[in-house]
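Novice: From the sequence below, what's the structure:
(chains A and B)
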Number of protein chains: 2
Amino acid sequence: MLKSMLEPRSIAVIGASRTPGKIGYVILKNIIGYGYKGKIYPINPNAEEIMGLKAYPSVLNVPGDVDVAVIAIPAQEVPRAMEECGKKGVKVAVVITSGFSEVGNVELEEKIIKIAREYGVRILGPNIFGYAYTPSNINATFGPLEVEKGNIALISQSGALGIALMGWTIMNEIGLSALFSVGNMADIDVAELSELLADDPNTKVIAIYLEGIKPGRGREFVETMTRVTEKKPVVVIKAGRTSRGMKAVASHTGSLAGSDALYEAAFKQAGVIRAYDVEEMFDIARAFAQQPLPRGENTIIITNGGGVGVLATDAAELSGVKLVEPSQQLMNAFKQAMPWFGSPKNPVDLTGQAVVDNYIKALKIAIESPEIDNIVILYCRTAILDPRDLAKAIVEFYSENKVNKPTVASFVGGQDTYDAMRYLNRNGIPSYPSPERAINALSKMLWYKRFLEKRTSKR
Amino acid sequence: MLKSMLEPRSIAVIGASRTPGKIGYVILKNIIGYGYKGKIYPINPNAEEIMGLKAYPSVLNVPGDVDVAVIAIPAQEVPRAMEECGKKGVKVAVVITSGFSEVGNVELEEKIIKIAREYGVRILGPNIFGYAYTPSNINATFGPLEVEKGNIALISQSGALGIALMGWTIMNEIGLSALFSVGNMADIDVAELSELLADDPNTKVIAIYLEGIKPGRGREFVETMTRVTEKKPVVVIKAGRTSRGMKAVASHTGSLAGSDALYEAAFKQAGVIRAYDVEEMFDIARAFAQQPLPRGENTIIITNGGGVGVLATDAAELSGVKLVEPSQQLMNAFKQAMPWFGSPKNPVDLTGQAVVDNYIKALKIAIESPEIDNIVILYCRTAILDPRDLAKAIVEFYSENKVNKPTVASFVGGQDTYDAMRYLNRNGIPSYPSPERAINALSKMLWYKRFLEKRTSKR
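Specialist: Predicted structure coming up:
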């Protein structure tokens, strides 16, 4: 049923508008512009045609089936539209309209829920900016037209933040499979969407901005998310961690934030990874999206700078990333990859004299050694090694050797270093502006691996 | 004496080279290229002229005084050069050369220290990439030519990281007054440089990457830094926090990292702010560099998005930033600045409908209200408010009204939002990609304010 949202045969836009700037205009424009291939039906009683598409006075007048109806009309008119969606056999009503429980109008919200239930229509929203599912070329939001394609699914309980993140993900080249604004969660909630995405072959990791779940549904949330994390990693930012933050949540979405300790326990039990800001959420999601799951704990750091090596070492120790003690044999091998004054211990310090060849030799040793499960590549800008050359060589090496050891990278330097990191990110090696952020992402992958193992061993 | 490094009348480069790529070539090229106005003397026994400047076989042959000598010759030749510097009356020898105590050659290092002491020459290094002081157009490093000018002084105990950060600060438009590589700290150490910079009118805040101080100098370090923080804020990253990190430090610079708890206590006592990664260090330094010190605790958050408001509220609560409870009168005033469905509480939520005018009205109220000491401006990308327009309006407002209430900002969105933040940063409003980072920077300013107050009250 919900799956209709991912691959609908047709989408109606109730409240489609010819007036630029109107929400019903932007949504229709985005659906058309992003290249959706199914049937699109603008619904507007005062128009014959909108953006070259035939318009209908009501969804009931549409000749074919309607799988998804996006509703962007004044709140008081939503019940009638919902009634019509029910009669038409619409599967999911995406209710953009605000002015429901979030402003105290609980009655109106209950009214549309009742109608929807009667007819078996599912509701996303109300009070949302829409949704997107990139594999089907659907952008049914009033946010920006472009959505970077990829395999991270994002669910946001905040509309404004969700829209802002659309631009943010494009700028940071973070590819999305899906984007859901959940708003008041009158019907479909975060857990149910997560379950939908757990079975979506185009989604590899689920990232969630959560303000609160509905009262009394804590247990269900844990149960559902436990099933989800069995299939896919989930990274959550839970806003409203403090008592004052909870008050702000209450005045924002009207959710009951609930005690943070309860959420913390629920996340741990369900195997949900917690992030503490938006950057961290995507740092972690990117690692899961691009890399295989770790198969072991033993991690090696390969660097050309002692300082970043130390910072990474500290971060590893503090976040439970186990740095392997290389055997004498392994150290001897690393010694061959570096100038005489380098260090073959962990961090493997190729020194500031390192060139591409040193890195590739060290990486070759690392991927071949059974002592090593995970790899952290660090680089500090030096005059003798252009970071873009290094990035290209790394990508080539990983692709040629089909490396399946989880790898994260951090390059520190100026614009060319930043460009090199973008290249790495674009080609499957998650890269971060500081060693600490790289290690943090890896530590969460390891945490998730351990969680899955513990679960299996319990059976 | 040390002050000669900031405003030397002349600089000699011992080991100046005509061969591109050589360290003695790059340093001379940078000194000339960055526009140093004093006398420059290349020292090279095998050259008549280098880069259009007359070269001398020894520093002793230079006709005028030599304030600073940058030494980039093989390690075993450094003692003789140091001897000549002593005879010539050089004030500071900047010893780039490596191959001393950091590789176990303690004897050679002690030899040059002894010679320098005999003649009263001070040593920066050895084993460093040089130093820069932008107000005098000095870039005596073998890093990149460009150094962004500003009022943050950076001291790095890691050479590779320091050079990498040169590019990083340019890319992030973080302006530096000074940059010192300290290497083995045979003579001049981090504390003494901090004291020098505490009296430098062009430096507003000191940022330090520290691996460890010399054994037995802990007490002196605390005493010196206590004097420094009386004049200026100091932000430190201390690498080698964990036992494994300490081992990495030992094999990197050979410093004894010492127990992290001891450092933590020392920093607290001396009023030194601790950062935990490079991004955080500059986040904090930027706030101090651009904003006045807080005069009170009461902080207001102004936002157009509930979600980022909640995230900022959580961060404030967790980091000891006191969010003011606005009086009824103040709330009434804020109500006038927003649509009817906005919230005049703290966070002040101007709603997604907010335009420039709403922000400016709210800011006007905030700067005029005696209830408010500090301001946090948040923005989520919306279709109706271009972040660049908002940034321009904010900068204009702050400059016209000579606002002296500490302000930090966070704008969330895509490329145009990022551009808006760069504009804010460039014009004195420190801006951060996440609300949490903005609040964190403010929290450290407040911590420093409290530290100064406590110190004063103790007298």
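Novice: for A:A140, what are its contacts?
Specialist: Taking CB atoms under 8 Å, 6 or more residues apart in numbering or on different chains as the criterion, A:A140 is in contact with A:11, A:13, A:27, A:30-31, A:68, A:70, A:94, A:130-132. The C-beta positions use only the backbone N, C-alpha and C, and glycine is treated the same way.
Novice: Ok, A:D357 next?
Specialist: Neighbours of A:D357 in contact, by CB under 8 Å, 6+ apart: none.
Novice: ok, the closest residue to chain B within the stretch 1-150 of chain A - how many residues close by?
Specialist: Closest contact between the stretch 1-150 of chain A and chain B, by CB to the nearest CB, is at A:V103 (6.3 Å). Using other CB atoms under 10 Å in any protein chain shown, A:V103 has 13 other residues around it.
Novice: That one reaches B:S343, doesn't it?
Specialist: No: counting by CB atoms under 8 Å, B:S343 is not a contact partner of A:V103; they are 11.2 Å apart.
Novice: ok, so what distance separates the residue of the stretch 1-150 of chain A closest to chain B from B:T203?
Specialist: 51 Å (CB to CB, to the nearest Å).
Novice: elements contacting the helix or strand hosting A:E192?
Specialist: Under the criterion of DSSP states H and E, A:E192 resides in helix A:190-198. Contacts defined by 3 or more CB pairs under 8 Å, 6 or more residues apart in numbering or on different chains; DSSP states H and E place helix A:190-198 against strand A:149-156, strand A:176-181, strand A:205-210, helix A:218-231.
Novice: got JSON lines for the ones you listed, with distance to chain B too?
Specialist: Putting these into JSON lines (distance: least, CB to the nearest CB, whole Å) gives the following:
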{"stretch": "strand A:149-156", "distance to chain B": "8"}
{"stretch": "strand A:176-181", "distance to chain B": "11"}
{"stretch": "strand A:205-210", "distance to chain B": "7"}
{"stretch": "helix A:218-231", "distance to chain B": "19"}
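Novice: how about these in a markdown table, adding mean neighbour count and mean pLDDT?
Specialist: Formatted as a markdown table, the helices and strands packed on helix A:190-198 follow (neighbours: other CB atoms under 10 Å in any protein chain shown; pLDDT from 0 to 100):
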| stretch | mean neighbour count | mean pLDDT |
| --- | --- | --- |
| strand A:149-156 | 23 | 98 |
| strand A:176-181 | 27 | 98 |
| strand A:205-210 | 26 | 97 |
| helix A:218-231 | 17 | 96 |
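Novice: hang on, the earlier thing: in helices only, show me the contacts of A:A140.
Specialist: A:27, A:30-31 (DSSP state H).
Novice: For the stretch 351-459 of chain A, just list every one of the helices.
Specialist: Secondary structure of the stretch 351-459 of chain A (DSSP state H, counting those that start in this stretch): helices at A:356-368, A:387-400, A:415-426, A:435-458.
Novice: what about the third one and chain B, any contact?
Specialist: Yes: with CB under 8 Å from any CB of the partner chain as the criterion, chain B is reached by helix A:415-426 at A:415-418.
Novice: Among these, which one sits closest to chain B?
Specialist: The nearest member of those to chain B, counting by CB to the nearest CB, is A:Q415 at 5.0 Å.
Novice: Can you get me a residue count around the closest one?
Specialist: 13.
Novice: For it, which non-adjacent residue is spatially closest?
Specialist: Leaving aside its chain neighbours, A:Q415 sits nearest to B:M171 (5.0 Å; criterion: CB to CB, 6 or more residues apart in numbering or on different chains).
Novice: Might one say that that neighbour is in contact with A:Y418?
Specialist: Yes: applying CB under 8 Å, one finds B:M171 in contact with A:Y418, separated by 6.0 Å.
Novice: Return the backbone torsion pair for the residue at the greatest distance from the centre of chain A.
Specialist: No residue in chain A sits farther from the centre than A:W340, which is 44.0 Å out by CA atoms, centre = their mean. When read as degrees, to the nearest 10, the backbone of A:W340 gives phi -60, psi -30.
Novice: need the contact list for it.
Specialist: No contacts exist for A:W340 under CB under 8 Å, 6+ apart.
Novice: any idea how far it is from chain B?
Specialist: 10 Å (CB to the nearest CB, to the nearest Å).
Novice: how close does that residue get to A:Q353?
Specialist: Per CB to CB, A:W340 is found 10 Å from A:Q353.
Novice: tell me the contacts of the nearest residue in space to A:F288 that is not next to it in sequence?
Specialist: Closest residue to A:F288 apart from its sequence neighbours, by CB to CB, 6+ apart: A:V205 at 4.0 Å. Going by CB under 8 Å, 6+ apart, A:V205 touches A:151-153, A:232-235, A:285, A:288-289.
Novice: With A:I50 instead?
Specialist: A:16-18, A:28, A:42, A:44.
Novice: ditto for A:I43
Specialist: A:12-16, A:55-59, A:62, A:69.
Novice: Most neighbours among the residues you listed, which one?
Specialist: A:V13 (32 neighbours).
Novice: Any idea how many residues pack against A:V324?
Specialist: Count around A:V324 with other CB under 10 Å applied: 19.
Novice: wait, what's in contact with it?
Specialist: A:298-300, A:346, A:371-372.
Novice: mind listing the helices in the stretch 51-200 of chain A by residue range?
Specialist: Residue ranges of the helices in the stretch 51-200 of chain A, as given by DSSP H, counting those that start in this stretch, are A:78-88, A:106-119, A:159-171, A:190-198.
Novice: Format the ones you listed as a markdown table; extra columns: distance to A:V408 and mean neighbour count.
Specialist: Listed next are those as a markdown table, based on distance: least, CB to CB, whole Å; neighbours: other CB atoms under 10 Å in any protein chain shown:
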| stretch | distance to A:V408 | mean neighbour count |
| --- | --- | --- |
| helix A:78-88 | 46 | 21 |
| helix A:106-119 | 44 | 17 |
| helix A:159-171 | 19 | 25 |
| helix A:190-198 | 24 | 22 |
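Novice: in the stretch 251-400 of chain A, what residue is nearest chain B?
Specialist: Closest point on the stretch 251-400 of chain A to chain B, by CB to the nearest CB, is A:G307, at 2.8 Å.
Novice: measure that residue to B:D283 for me?
Specialist: For A:G307, the distance to B:D283 - CB to CB - is 19 Å.
Novice: Comparing these two, which shows the higher neighbour count?
Specialist: Between A:G307 and B:D283, counted using other CB under 10 Å, the more crowded position is A:G307 (30 against 22).
Novice: Quick check: that one touching B:I237?
Specialist: No: look at A:G307 against B:I237 with CB under 8 Å: they stay out of range, at 9.5 Å.
Novice: joint contacts of those two?
Specialist: Taking CB under 8 Å, 6+ apart as the criterion, A:G307 and B:I237 both touch B:Y209.
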